[in-house]
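Enquirer: below is the sequence, then the predicted model.
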Amino acid sequence: MGWAPYGYLVYLAFFVIPPVLGHATLAQWAVTLAALALFLVLYFRAYWVHGRRVLPYAWAIAALGAALMPFNSGAAGFFIYAAAFAGEIEPVRVALRWVVAIAAAGAAASIALNATPWTWLPAAVMPLLIGATNVHYADSRRAKDRLLRAQAEVEHLAQVAERERIGRDLHDLLGHTLSLVALKSELAAKLADRDPERSRAEIRDVERIAREALAEVRAAVEGYRSRTLIEELAAARAACRAAGVVLEAELAPPPLTTAAESVLAMALREAVTNVVRHAGARHCRVSVRADEDGVCLEVRDDGCGGLAGEGRGLSGMRARLEKLGGRLERDGSAGTCLRARLPLERGPSSSAAASSPALPVAQTS
């Protein structure tokens with residue numbers, strides 16, 4: 001509550017000054033102090049409740065003022081407090097009705113007692129003014145609270161989305177890289193005796209891949225990771241070569257935004273990682289081309305196929321595509337075929353996309 005409730009007690013001057021100036025008797029002072037104590041209990045209690053539960057306290061304060069007005073005209077000031085509490089109710093139209101009702105009650109008490117114009121001021125006029133002001137500030141405060149809650153919710157959702165993005169990126173990065181490291185390490189071990197030079201070359205590749213993966217993980221965590229289709233195709237070619245999978249590629253994408261190319265590049269990485277790790281395939285074909293829906297990345301293999309449940313990699317791929325308005329199609333009837341589709345959007349084109357129409361029609365590793 002702060003110190004404001006104590007500051008508002010200044011209006012009690014209307015109630016205390018008449019006994020002082022009128023040289024009140026001991027009995028009058030006893031009544032005044034008892035009424036003051038009862039008022040303070042109602043006043044501070046009203047600060048502890050919210051919504052329409054404040055109304056009984058507001059009307060109790062107004063009734064206390066009306067009961068004391070015949071003996072102390074300053075009790076008319078209690079209507080000010082009653083109207084101020086009524087202004088805290090929501091919605092606004094209901095609060096205004098109660099403020100007017102309390103001011104009308106103060107006016108009725110003034111008429112019944114044939115009160116002077118100075119009594120009308122705290123009994124009817126000021127309750128209207130202060131009550132209406134409270135209605136305005138209470139409504140503004142509630143709007144500000146709603147805005148703060150909405151901002152907090154947006155920040156929370158942004159944090160959740162960022163954690164999910166980092167999780168998806170790390171899964172795809174590490175899944176692909178560790179698979180490639182395992183394949184090349186296995187290949188280096190097999191070549192150690194019969195072709196030591198090539199074995200050392202494979203080990204150097206493992207070292208290079210590990211260093212690149214470290215940089216990519218740092219970039220993913222910091223949120224600026226973005227690779228092109230050409231870069232991912234080169235990585236896919238290396239992975240397939242190490243796994244003994246023949247890769248054919250046909251890249252003829254339309255101009256793509258940086259975000260779209262990054263999503264397709266991640267889809268290519270995850271799809272080829274699955275081919276190497278799970279498909280048992282001998283051949284894999286990658287194509288990127290424009291079609292009637294926009295742009296389509298297709299990764300097809302001649303492996304075991306089937307439609308096992310989606311793991312974290314496929315679900316992450318689907319989430320990235322859907323975030324840009326695209327979709328993922330999956331066919332496991334003859335090998336596995338994944339199609340990642342995105343609509344074409346205007347925006348800054350990536351360097352790879354801008355040059356992609358000049359890529360060779362077909363590449364085979």
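Expert: Yes, it's here. Numbers count the residues shown, from 1 in each chain.

Enquirer: how about residues contacting stretch 159-176?
Expert: With contacts defined as CB atoms under 8 Å, 6 or more residues apart in numbering, stretch 159-176 is touched by 213, 216-217, 220-221, 223, 225, 235, 239, 266, 269-270, 272-273, 277, 312-313, 316-317, 319-320. C-betas here are computed from N, CA, C, even on glycine.

Enquirer: so how far is that stretch off the chain centroid?
Expert: In terms of CA atoms, centre = their mean, to the nearest Å, the centre of stretch 159-176 is found 18 Å from the chain centre.

Enquirer: pull the CA atoms of that stretch into PDB?
Expert: The C-alpha trace of stretch 159-176 is given here as PDB (Å, rounded to 0.1, in the frame of the first residue of the first chain):
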ATOM      1  CA  GLN A 159      12.500 -17.900 -23.700                       C
ATOM      2  CA  VAL A 160      10.700 -21.300 -24.300                       C
ATOM      3  CA  ALA A 161      11.000 -20.900 -28.000                       C
ATOM      4  CA  GLU A 162      14.700 -20.000 -27.800                       C
ATOM      5  CA  ARG A 163      15.400 -23.100 -25.600                       C
ATOM      6  CA  GLU A 164      13.500 -25.300 -28.100                       C
ATOM      7  CA  ARG A 165      15.400 -23.800 -31.000                       C
ATOM      8  CA  ILE A 166      18.800 -24.400 -29.300                       C
ATOM      9  CA  GLY A 167      17.700 -27.900 -28.400                       C
ATOM     10  CA  ARG A 168      16.700 -28.600 -32.100                       C
ATOM     11  CA  ASP A 169      19.900 -27.100 -33.400                       C
ATOM     12  CA  LEU A 170      22.200 -28.900 -31.000                       C
ATOM     13  CA  HIS A 171      20.400 -32.200 -31.700                       C
ATOM     14  CA  ASP A 172      20.900 -31.800 -35.500                       C
ATOM     15  CA  LEU A 173      24.400 -30.500 -35.200                       C
ATOM     16  CA  LEU A 174      25.700 -33.100 -32.800                       C
ATOM     17  CA  GLY A 175      23.800 -36.000 -34.400                       C
ATOM     18  CA  HIS A 176      25.300 -35.300 -37.800                       C
END
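
Enquirer: give me the low-pLDDT residue ranges for the stretch 251-365 of the chain?
Expert: 346-365 (pLDDT under 70).

Enquirer: just to revisit the earlier point, and the contacts of stretch 159-176, which are buried?
Expert: 213, 216-217, 220, 225, 235, 239, 266, 269-270, 272-273, 277, 313, 316-317, 320 (16 or more other CB atoms under 10 Å).

Enquirer: OK, contacts around Asp293?
Expert: Going by CB under 8 Å, 6+ apart, Asp293 touches 341, 343.

Enquirer: for the stretch 101-250 of the chain, which segments count as strands?
Expert: Applying DSSP state E, counting those that start in this stretch to the stretch 101-250 of the chain gives strands spanning 246-252.

Enquirer: quick check: Arg269 touching Glu232?
Expert: Yes: using CB atoms under 8 Å as the test, Arg269 is close enough to Glu232 to be in contact (5.2 Å).

Enquirer: was I right about Gly313 contacting Val272?
Expert: No: judged on CB under 8 Å, Gly313 makes no contact with Val272 at a distance of 11.1 Å.

Enquirer: going along the chain, name the helices of this structure.
Expert: 4-7, 13-21, 26-48, 55-68, 78-86, 92-112, 117-120, 126-191, 196-222, 229-243, 258-274, 312-323, 351-355 (DSSP state H).

Enquirer: name the stretch among the ones you listed that sits most buried.
Expert: Across the helices of the chain, the average number of neighbours (mean count of other CB atoms under 10 Å) peaks for helix 78-86, which reaches a mean of 29.

Enquirer: tell me the gap between that one and the middle of its chain.
Expert: For helix 78-86, the distance to the chain centre is 40 Å (CA atoms, centre = their mean).

Enquirer: contacts for that helix?
Expert: 8, 11, 15, 39, 43, 46, 54-55, 57-59, 61-62, 64-65, 68, 95, 98-99, 101-103, 105-106, 122-124, 126-128, 130-131, 134.

Enquirer: can we see that at 6 Å?
Expert: When contacts are defined by CB atoms under 6 Å, 6 or more residues apart in numbering, helix 78-86 is touched by residues 11, 46, 54, 58, 61-62, 64-65, 98-99, 102, 106, 122-123, 126-127, 130-131, 134.

Enquirer: could you do stretch 204-214 as well?
Expert: Residues contacting stretch 204-214 (CB under 6 Å, 6+ apart): 177, 180-181, 184-185.

Enquirer: which member of the residues you listed is positioned nearest Ala334?
Expert: Leu180 (26.5 Å; CB to CB).

Enquirer: what sits against the closest one?
Expert: 209, 239.

Enquirer: what do you get for Asp193?
Expert: Asp193 neighbours (CB under 6 Å, 6+ apart): none.

Enquirer: try it again with 10 Å
Expert: Contacts for Asp193 (CB atoms under 10 Å, 6 or more residues apart in numbering) come out as Ser199.

Enquirer: for the one 5 residues further on, same thing?
Expert: In this structure, Arg198 makes contact with 187-188, 190-192, judged by CB under 10 Å, 6+ apart.

Enquirer: and the pLDDT for the nearest residue to Asp139 once chain neighbours are set aside?
Expert: Once flanking residues are discounted, Asp139 sits nearest to Val92: 5.3 Å by CB to CB, 6 or more residues apart in numbering. Listed pLDDT for Val92 reads 92.
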